[in-house]
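*Asks:* got a predicted structure plus its sequence, pasted below:
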Amino acid sequence: MRFDLETFKQRSGRLDDSDIDYDRFRTEPLDEASLRCLRYMHDVEFHTACYLRDVLVTRAHAEPDVTAFLSCWAYEELWHGEAIAKVLAAHGEPAGRTRVAVLRAGVGLRGRLAPWASLAVSSLTRHVVAVQVTWGAVNEWTTQAAYGRLASVSGHPVLGDLLGRIMRQEGRHIDYYASQAVERLGASTRAQRITRWALTTMWAPVGSSVMPAGEVRHLHAHLFSGPEGVATLARIDRRIDRLPGLGGLGLLSHRSTTLSPAA
């Protein structure tokens, strides 16, 4: 089914957390392992604006439907970050602009060069948008799964409610990216080959380009190392493998071998 962009635009908006009892986290705090994952998620959600910058220097900026979606997507992701910031603040943690400023100040040369690298890749192939939407689908699938796993392993009812609301918005993002990936990959075997190569050689878990390696490994171990976590990654792999030209890729199963605590 083709994604209905007009309906998405009309329904898009700020996450409704008006009835979330954030004060519950003061009296019933999260365990440290789950809180550590939430810090990671906070930072990644707020990094969306920087990722959007890197996308818009490519051919994607010339496609009105793509930029319309990305505008709504970035706005919704901002409010996901703001909601998570309230949870961190309730734990007495730095959050929001204070925490984000530190993160961006420490991003280093790699972060400053990222838009130039995106521009260079875009100049080499007209199929860069196919790569981007497929990459987006993978990232949204894994992000939604991480929220679901954190809600489960933390066992905190208020966090579960909040993350469920975020996951529903992430689901609409998935619908867009996956439908675009099917359409663009299905239209070109060259796009399939380029996308398969890009994912195989360059894809890494969401946030790994800006978060310390130890934090990436912790999140993976806490959310995806047990039987349920492994089964979750396998389900995402099956979704990726069903995209045109990506059969047998096994992307997440291959990456997970590099994310064990001993890696």
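*Replies:* Everything's here; your move. It should be emphasised that the depicted structure is a prediction, and the values quoted were computed from it without experimental measurement. Numbers count the residues shown, from 1 in each chain.

*Asks:* residue ranges with poor pLDDT in the stretch 151-263 of the chain?
*Replies:* Scanning the stretch 151-263 of the chain with the threshold set as pLDDT under 70 gives 257-263.

*Asks:* give me that answer again for 90
*Replies:* Along the stretch 151-263 of the chain, the model assigns pLDDT under 90 to residues 209-210, 226, 253-263.

*Asks:* now stretch 53-65: buried residues?
*Replies:* Neighbour counts using 16 or more other C-beta atoms under 10 Å place Asp54, Val55, Val57, Thr58, Arg59, Ala60 of stretch 53-65 among the buried residues. (Each C-beta comes from the backbone N, C-alpha and C, glycine too.)

*Asks:* so which of these are in helices?
*Replies:* Among the buried residues of stretch 53-65, the residues falling in helices (DSSP state H) are Asp54, Val55.

*Asks:* which pair in the buried residues of stretch 53-65 spans the largest distance?
*Replies:* Using C-beta to C-beta, those span at most 12.7 Å, a distance reached by Asp54 and Arg59.

*Asks:* buried sites along stretch 27-45?
*Replies:* For stretch 27-45, burial by neighbour count (16+ other C-beta under 10 Å) applies to Leu30, Ser34, Leu35, Cys37, Leu38, Arg39, Tyr40, Met41, His42, Asp43, Val44, Glu45.

*Asks:* quick check, nearest of the residues you listed to Val230?
*Replies:* Nearest to Val230 among the buried residues of stretch 27-45: Cys37, at 17.1 Å, using C-beta to C-beta.

*Asks:* quick one, what contacts the closest one?
*Replies:* Applying C-beta atoms under 8 Å, 6 or more residues apart in numbering to Cys37 gives the contacts Ala146, Leu150, His218, Leu219, His222, Leu223.

*Asks:* Tyr147 and Asp4: what is the separation?
*Replies:* With distances taken as C-beta to C-beta, to the nearest Å, Tyr147 is found 24 Å from Asp4.

*Asks:* higher neighbour count, the two?
*Replies:* A count of neighbours by other C-beta atoms under 10 Å puts Tyr147 above the other of Tyr147 and Asp4, at 25 against 13.

*Asks:* verify the stated contact: the more buried one with Leu163.
*Replies:* Yes - Tyr147 lies in contact with Leu163 (C-beta atoms under 8 Å); the separation is 4.5 Å.

*Asks:* intersection of neighbour lists for the two?
*Replies:* With C-beta under 8 Å, 6+ apart, Tyr147 and Leu163 have no common neighbours.

*Asks:* now the host helix or strand of Arg149: how far from the chain's centre is it?
*Replies:* Here Arg149, judged by DSSP states H and E, is contained in helix 128-154. Using C-alpha atoms, centre = their mean, to the nearest Å, the mean C-alpha position of helix 128-154 is found 5 Å from that of the whole chain.
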